[in-house]
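Asker: Make a model of this:
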Amino acid sequence: MVADTESKQEFVDVDALSLDNHEKNRENPEETYSMTDTIGKVIDVSDICIKIGQFIFKDIAQTLGNIAGVGGIVKAILALIPDGDAPDPVLQKLVDLEKKIDKLAAQMHAKFDDLKAFITEVNFYVEIMNPASNLMKYMMDCMKHPADEALDNFKEAYARHPPLELAYVILQKHFECTKLKFQSMLSFMEQKSTNPLKMAMDADPLKTSTTFNKWYQIISGVLAEFLFLEAFGSGLLKKDNKYNSNRIIERSEHLFEVMGRWKKEYTENNQYWGVLPDHMVKIMKETLSNEKKADKMKSILDTILTNDSFYLTVFNKPTDGFKNYAYSDWNSNNLIEFRDVGGSYAFIYRSKSANKIEEAVLQTLKKRVKVTKFDVKEFNKSPKDYPFKIAMDLKIASFVCVIGFIGEEIRWANCHQNEGQPGWSDLIISEPDKNGKRSMRHLIAGYQ
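Answerer: You can find the predicted model right below:
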């Protein structure tokens with residue numbers, strides 16, 4: 001856990017960064033390098049965050065010492081060089097970092113707006129957004145224009161709204177008789193009834209990872225911004241004091257564990273199956289090719305929070321009946337069929353075990369499918385029963401489909417092993433007949 005590792009990381013010793021005078025530092029390249037290296041490490045982390053589009057909690061936690069070191073550098077500049085005339089490389093590095101933080105602040109603004117839309121119990125703008133925004137601006141001023149005025153502004157804003165307080169104690173909820181109950185943002189987030197992630201997931205009938213990840217990242221990004229501000233403030237205003245930063249990490253990790261348990265609950269309850277047909281029908285009614293429909297349907301299946309994995313096939317009307325399309329399914333509860341919807345047919349098979357079984361079992365099924373020949377004689381006896389015969393030969397396939405010559409588009413989704421397939425799908429080909437002609441079909445064999 002981050003808290004365990006970070007508790008061992010020491011903040012940069014501010015005293016070691018002391019500057020006796022301007023000229024000394026111009027003549028002391030090693031000390032100048034130490035300061036620019038510290039700032040450079042924070043710039044590197046900021047670049048990573050910018051690529052993602054937000055502060056990344058784990059990365060910020062892992063570089064707390066350097067972030068505090070930046071605050072310590074600004075403190076040393078102001079304490080010993082009041083005119084801000086620090087060595088040029090150091091000032092330039094601070095300006096470079098300020099530009100990165102400015103980009104991150106702009107990216108984070110949208111995250112705060114999303115939270116504001118969900119959190120209605122308090123004046124989110126007044127209580128959180130505006131104080132955090134002011135702290136960010138004053139911090140950037142300290143980097144870009146290190147002067148007593150910049151320090152005073154940050155110090156005053158920090159005193160009014162410490163980042164720990166923003167994360168931990170400022171949310172207020174009014175009750176009857178004008179009584180106030182102080183409730184931390186983290187406590188607020190830990191409650192199912194008030195957590196934006198939980199509310200968004202309740203509104204998502206398919207319980208997708210897209211919704212979950214969006215809100216998980218928003219919440220972790222906002223907490224990471226508070227952590228960055230707290231670390232900088234501890235270096236600028238305090239001496240080697242990481243108590244507040246560690247409290248943010250401690251409580252944030254508890255929240256992440258809570259949200260992780262929620263994710264596990266969504267993954268295991270499988271509520272999606274009952275509402276999935278309605279969502280797929282909408283796609284099938286679109287004016288798209290079978291290929292495009294299959295791709296869109298697969299993209300949905302890949303985002304559902306579930307341990308289930310899937311085979312999906314979209315095809316045209318079987319004009320030759322069971323010779324075009326037939327299947328054997330040992331559990332009808334794991335199959336959804338769509339017939340003549342938007343000019344197409346389709347099925348979705350779900351495997352309940354492919355993500356849980358040892359991969360060697362799926363590899364065995366794969367090998368058996370790959371050596372299966374298309375037996376024209378048996379097929380012609382009863383195309384409808386032919387998939388069942390193959391299932392008997394394969395032994396470990398719970399779903400077998402034989403399909404061909406109807407524009408079929410076969411996809412698989414959400415399987416984390418066996419090349420992404422919850423079984424195996426392949427083209428099976430017959431031995432040549434007396435005229436040298438071969439027949440073929442697609443075989444789909446899904447594990448239970």
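Asker: Find the least confident helix or strand in the chain, judged by mean pLDDT.
Answerer: Least confident helix or strand, the chain: strand 172-174 with a mean of 29, by mean pLDDT, DSSP states H and E.
Asker: helix or strand for residue 402, which one?
Answerer: Residue 402 belongs to strand 399-403 when assigned by DSSP states H and E.
Asker: ok, and what's touching that strand?
Answerer: The contact list for strand 399-403 (CB atoms under 8 Å, 6 or more residues apart in numbering) reads 311, 313, 315, 324-330, 334-335, 347, 349, 351, 379, 383, 386-388, 390-391, 394, 423, 428, 441-446. For glycine as for every other residue, the C-beta is placed from the backbone atoms N, C-alpha and C.
Asker: Now find how far off-centre the very next helix or strand once past it is within its chain.
Answerer: From strand 399-403 onward toward the C-terminus, using DSSP H and E, the following helix or strand is strand 409-413. Its chain's C-alpha centre and that of strand 409-413 lie 24 Å apart, by CA atoms, centre = their mean, to the nearest Å.
Asker: Work out the sheet partners of strand 409-413 and label each with its direction, please.
Answerer: Sheet pairing of strand 409-413 (DSSP bridges) gives strand 309-315 (antiparallel).
Asker: Now do the strand it pairs with: everything it contacts.
Answerer: 284, 290-291, 293-294, 297-298, 301, 325, 344-351, 354-355, 399, 401, 403, 406-416, 421-423, 425, 444, 446.
Asker: if we go to 6 Å?
Answerer: Here strand 309-315 makes contact (CB atoms under 6 Å, 6 or more residues apart in numbering) with 290, 293-294, 297-298, 301, 344-351, 354-355, 406-415, 422, 444, 446.
Asker: ok, and what's touching the next helix or strand after that strand?
Answerer: Per DSSP H and E, strand 309-315 leads on to strand 325-329 as the next helix or strand towards the C-terminus. Residues from elsewhere that reach strand 325-329 (CB under 6 Å, 6+ apart): 318, 335, 383, 384, 387, 388, 391, 399, 400, 401, 402, 403.
Asker: could you flag which of those residues are buried?
Answerer: Among the contacts of strand 325-329, those buried by neighbour count (16 or more other CB atoms under 10 Å) are 318, 335, 383, 387, 388, 391, 399, 400, 401, 402, 403.
Asker: Pick out the most distant pair among those residues.
Answerer: Using CB to CB, the buried ones among the contacts of strand 325-329 reach their maximum pairwise distance at 318 and 391, which is 19.6 Å.
Asker: Could you tell me how far the helix or strand hosting residue 220 lies from the centre of the chain?
Answerer: Using DSSP H and E, residue 220 sits in helix 209-237. Offset of helix 209-237 from its chain centre (CA atoms, centre = their mean): 14 Å.
Asker: any idea how far residue 274 is from the spatially most central residue of the chain?
Answerer: The centroid of the chain falls nearest to residue 213 when counting by CA atoms, centre = their mean (3.9 Å). Remark: distance between residue 213 and residue 274 (CB to CB, to the nearest Å) = 23 Å.
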